[in-house]
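K.L.:
pasting the sequence and the predicted coordinates here, then a few questions.
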Amino acid sequence: INASSYPRKEIKRRTQRATTTAMATQSNEDELGRILSEFENTMKERDLKASEIIQAAWPISCPRCILRVLNVSNLMFRSEKFLEALLCNFVEKTGGHLDRSRGKKEEKFVCSCCVGLLQEELIGNPDGSLTNSIVSLLNQCETQFKDYSLALSIPPALQIRQYSVWYYLREKTGQFQTDVPQMLEIKEVLKWVLGGFLSREKGLVFKFQSDFTINVTLKNSSTQNEHLFLQKMKEDEGMAKRKKARGKRNAEGKWEKEPKADEISIKYVGKLLEDITYEKFKSHSPIPPPVITEQATFSISFNHVPVYVAGRYIKLSRNLSQSPWVIDGQRKGDNSVEEIITAPVAPPFKADSTKFITAGREDIDVRMLGRGRPFVLELSNPKVISVSQEKLNQLEEEMNSEKNPLSSMLKVVDLQMVNRNEVTKMKEGEQTKTKNYRALVWISKKVTESDLKFLREVKDLVIEQKTPVRVLHRRSLMVRKKTIHSLDFEIIHDNFIHLHLHTEAGTYIKEFVHSDLGRTHPSFTSMMGCQTDIL
């Protein structure tokens, strides 16, 4: 520093910065030396020709993919620059040489093994485009969460490229005689690198199973057809049937093929690679894999598991369907149980969507009295994952208040948050519980107490019910066996009675009474020997 050119404070600041930089450089060099010594010992213990492998892989693979081949996992979180220096120094100590300038050339080097997924430009800490994007989106994310898991989707062709690199190194070094690559999985390496980065930068806790998931989909369009040779090879060997072209005939009667998906699944590629050998692969696919220059692209989304709010509803109206009722595109009725409950309960959770789940259902003109019917409101991908019981009690009071005009149609009780297990229990109990009904029934002939006393002797009567005509548009045609556990009655007038029924859950009560044109047998109509109907 020229002392005459700068004030004293500036000289002191620059001197301190130069000293700090020198110390950091010395520290990095010391650390590199230590790691290099440990790396050398590891390679000796494994009896690998590591220098030959690294030199063979260097022109086509990034440092992390070379470490994948060598099954070294503890260095993956290091920067690409550090790993390059480590590998170069290791090779040079054995008399070899690596091109240190490949990443500085005008044409950016893209790894042929991972197609850039493990390179600094994508996952550099903290300057990679993927890591930067994840942090930026997390800063904008409203969802409450304590920990997270990673769900990664990678191009299926990476499996094929992994085989190609493995066989290439076999040819070059005489190592790796197995037909199936024994390499660290790219998904695991990505999780280590991204997980370590998020822990350091955001203080987030990674878990293999978490309620909050960061979904990352990685693609490289230049690899999307690399699986086709495998499919053809299997077909030629008679090991895979040719798939019929899917599609439909257009208005002119000509066959139109359905468009293919942009990418096939990694599971499908794995199936095609079953029983593959070096000889088969070499005769159908290039070794090493084709060079690409296009960088990988990605998309990111967040998802939280659903949360559940349960309760019971008491339906007082005979003109209220359980769910929105639409027939032939026409809405029937102004409201539904589902809409009345969802409207006030869902907003506090800021969920993407909702699903209304109930223990059974009743017709639009049937009331639901007593303790009410159990229900659960499933809230998918909520931003708010917990609402206090005080808040739920307040919502319940507002829904049941006389000031609410809908309270004369529906009331809600026992509103509370529950877990997924409670939902499962409710659905299991839907078919195992029994139900009590009271129906106003008309009988075509006058009846007396003695005419009906046989009903009280009915015990566990098994009936067969074909799917009712009124629900055939939404339920499959089949015969269901149901049990009428007991019957009782009250005569209101000569031709009218209140019929009390204790039945198995899922019994069609209306159809049991009037027989649904004989589709339910036996029925109350057949038992009485005359025409009856439910009012």
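P.N.:
Thanks, I have it.

K.L.:
quick one: contacts for Arg470?
P.N.:
Neighbour list for Arg470: empty [criterion: CB atoms under 8 Å, 6 or more residues apart in numbering]. For glycine as for every other residue, the C-beta is placed from the backbone atoms N, C-alpha and C.

K.L.:
any stretches of this structure with poor pLDDT?
P.N.:
Scanning the chain for pLDDT under 70 picks out 1-28, 103-107, 236-264, 429-431.

K.L.:
Tyr268 versus Val280, what's the distance?
P.N.:
Actually, residue 280 is Lys. It isn't Val. Between Lys280 and Tyr268 the distance is 18 Å, computed by CB to CB, to the nearest Å.

K.L.:
likewise Gly116?
P.N.:
Distance from Gly116 to Tyr268, counting by CB to CB: 23 Å.

K.L.:
look at these two and report which has more neighbours.
P.N.:
The neighbour count for Gly116 versus Tyr268, taken as other CB atoms under 10 Å, is higher for Gly116 (24 against 14).

K.L.:
surely the more buried one touches Gly124?
P.N.:
No. Look at Gly116 against Gly124 with CB atoms under 8 Å: they stay out of range, at 11.5 Å.

K.L.:
and the closest residue to Gly195 other than its chain neighbours, how far is that from Lys427?
P.N.:
Once flanking residues are discounted, Gly195 sits nearest to Phe206: 4.3 Å by CB to CB, 6 or more residues apart in numbering. Note on Phe206: its distance to Lys427, by CB to CB, is 33 Å.

K.L.:
same question, Pro289
P.N.:
According to CB to CB, Pro289 and Lys427 sit 49 Å apart.

K.L.:
of those two, who's got more company?
P.N.:
More crowded of Pro289 and Lys427, by other CB under 10 Å: Pro289, with 24 against 15.

K.L.:
contacting residues for the more buried one?
P.N.:
Contact analysis of Pro289 by CB under 8 Å, 6+ apart lists Ile60, Ser112, Cys113, Ile160, Arg161, Ser164, Val165, Tyr168, Glu226.

K.L.:
ok, Ile327 next?
P.N.:
For Ile327, the contacting residues are His473, by CB under 8 Å, 6+ apart.

K.L.:
same question for His521.
P.N.:
So, once contact is read as CB under 8 Å, 6+ apart, His521 ends up touching Ile463, Glu464, Ser515.

K.L.:
restricted to strands, list those.
P.N.:
Ile463, Glu464 (DSSP state E).

K.L.:
filter the contacts of His521 to the buried ones?
P.N.:
Buried members of the contacts of His521, counted by 16 or more other CB atoms under 10 Å: Ile463, Ser515.

K.L.:
now the contacts of His521 in TSV, with distance to Ser523?
P.N.:
Formatted as TSV, the contacts of His521 follow (distance: CB to CB, whole Å):
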residue	distance to Ser523
Ile463	7
Glu464	10
Ser515	4
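
K.L.:
tell me which of the contacts of His521 is nearest to Gly195?
P.N.:
Ranked by distance to Gly195 (CB to CB), the contacts of His521 are led by Glu464 at 57.9 Å.

K.L.:
shouldn't that closest one be in contact with Thr520?
P.N.:
Yes. Contact between Glu464 and Thr520 holds when scored by CB under 8 Å: they sit 7.2 Å apart.

K.L.:
quick one: secondary structure of Phe298?
P.N.:
Following DSSP: H, G, I helix; E, B strand; the rest coil, the label given to Phe298 is strand.

K.L.:
that one: neighbour count?
P.N.:
By other CB under 10 Å, the residues close to Phe298 number 19.

K.L.:
spatially nearest residue to it (excluding sequence neighbours)?
P.N.:
Leaving aside its sequence neighbours, Phe298 sits nearest to Leu218 (CB to CB, 6+ apart; 5.0 Å).

K.L.:
and the one you found, how far is that from Cys114?
P.N.:
Leu218 is 10 Å from Cys114, where distance means CB to CB.

K.L.:
which one's more surrounded, these two?
P.N.:
Legend: neighbour count by other CB under 10 Å for Leu218 and Cys114, higher for Cys114 (27 against 22).

K.L.:
what distance do you get for that one to Thr143?
P.N.:
For Cys114, the distance to Thr143 (CB to CB) stands at 30 Å.

K.L.:
need phi/psi at Ile484.
P.N.:
phi -90, psi 110 (degrees, to the nearest 10).

K.L.:
give me the beta-bridge partners of it?
P.N.:
Beta-bridge pairing of Ile484, defined through DSSP bridges, involves Leu461, Thr503.

K.L.:
tell me, how many residues neighbour it?
P.N.:
By other CB under 10 Å, the residues close to Ile484 number 21.

K.L.:
one more: the one 4 residues further on?
P.N.:
Other residues lying near Asp488 total 14 when counted by other CB under 10 Å.

K.L.:
start the count at 47, not 1, going forward
P.N.:
Will do, 47 is the new start, and the previous item becomes Asp534.

K.L.:
and it, its phi and psi?
P.N.:
Residue torsions, per degrees, to the nearest 10, at Asp534 are phi -150, psi 170.

K.L.:
for it, which non-adjacent residue is closest in space?
P.N.:
Spatially, and ignoring its direct neighbours in sequence, Asp534 is nearest to His546 (4.1 Å; CB to CB, 6+ apart).

K.L.:
tell me which residues touch the residue most central in space within the chain, please.
P.N.:
In the chain, the centroid-proximal residue (CA atoms, centre = their mean) is Asn349; its distance is 8.2 Å. Listed by CB under 8 Å, 6+ apart, the contact set of Asn349 reads Phe258, Thr259, Asn261, Asn427.

K.L.:
give me the beta-bridge partners of it?
P.N.:
On the basis of DSSP bridges, Asn349 is bridged to Thr259.

K.L.:
tell me how far it lies from Asp398.
P.N.:
Separation of Asn349 from Asp398 (CB to CB): 9 Å.

K.L.:
could you find the closest non-adjacent residue to Asn337?
P.N.:
Not quite, residue 337 is Val, not Asn. In this structure, Val337 finds its nearest non-sequential neighbour in Ser158, 6.0 Å apart by CB to CB, 6+ apart.

K.L.:
where along the stretch 197-346 of the chain do the strands fall?
P.N.:
Ranges of strands within the stretch 197-346 of the chain are 251-252, 258-265, 293-295, 301-303, 343-350, based on DSSP state E, counting those that start in this stretch.

K.L.:
over to the stretch 347-496 of the chain?
P.N.:
Using DSSP E, counting those that start in this stretch, strands in the stretch 347-496 of the chain cover 353-361, 371-373, 376-378, 399-404, 414-426, 456-464, 480-489.

K.L.:
of all the ones you listed, which gets the most neighbours per residue?
P.N.:
Comparing the strands of the stretch 347-496 of the chain by mean neighbour count (mean count of other CB atoms under 10 Å), strand 353-361 ranks first with a mean of 20.

K.L.:
how about the helices in the stretch 447-581 of the chain?
P.N.:
With helices called from DSSP state H, counting those that start in this stretch, the stretch 447-581 of the chain shows them at 466-478, 495-498, 555-560, 570-574.

K.L.:
then the first one to PDB, C-alphas only?
P.N.:
Output of helix 466-478 as PDB, limited to C-alpha atoms (Å, rounded to 0.1, in the frame of the first residue of the first chain):
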ATOM      1  CA  ARG A 466     -56.000 -38.600  10.500                       C
ATOM      2  CA  ASN A 467     -56.600 -41.700  12.700                       C
ATOM      3  CA  GLU A 468     -59.900 -40.300  13.900                       C
ATOM      4  CA  VAL A 469     -61.000 -39.900  10.300                       C
ATOM      5  CA  THR A 470     -60.200 -43.600   9.600                       C
ATOM      6  CA  LYS A 471     -62.100 -44.700  12.700                       C
ATOM      7  CA  MET A 472     -65.100 -42.700  11.600                       C
ATOM      8  CA  LYS A 473     -65.200 -44.300   8.200                       C
ATOM      9  CA  GLU A 474     -64.700 -47.800   9.600                       C
ATOM     10  CA  GLY A 475     -67.600 -47.200  12.000                       C
ATOM     11  CA  GLU A 476     -69.800 -46.000   9.100                       C
ATOM     12  CA  GLN A 477     -70.600 -49.700   8.100                       C
ATOM     13  CA  THR A 478     -70.400 -51.300  11.500                       C
END
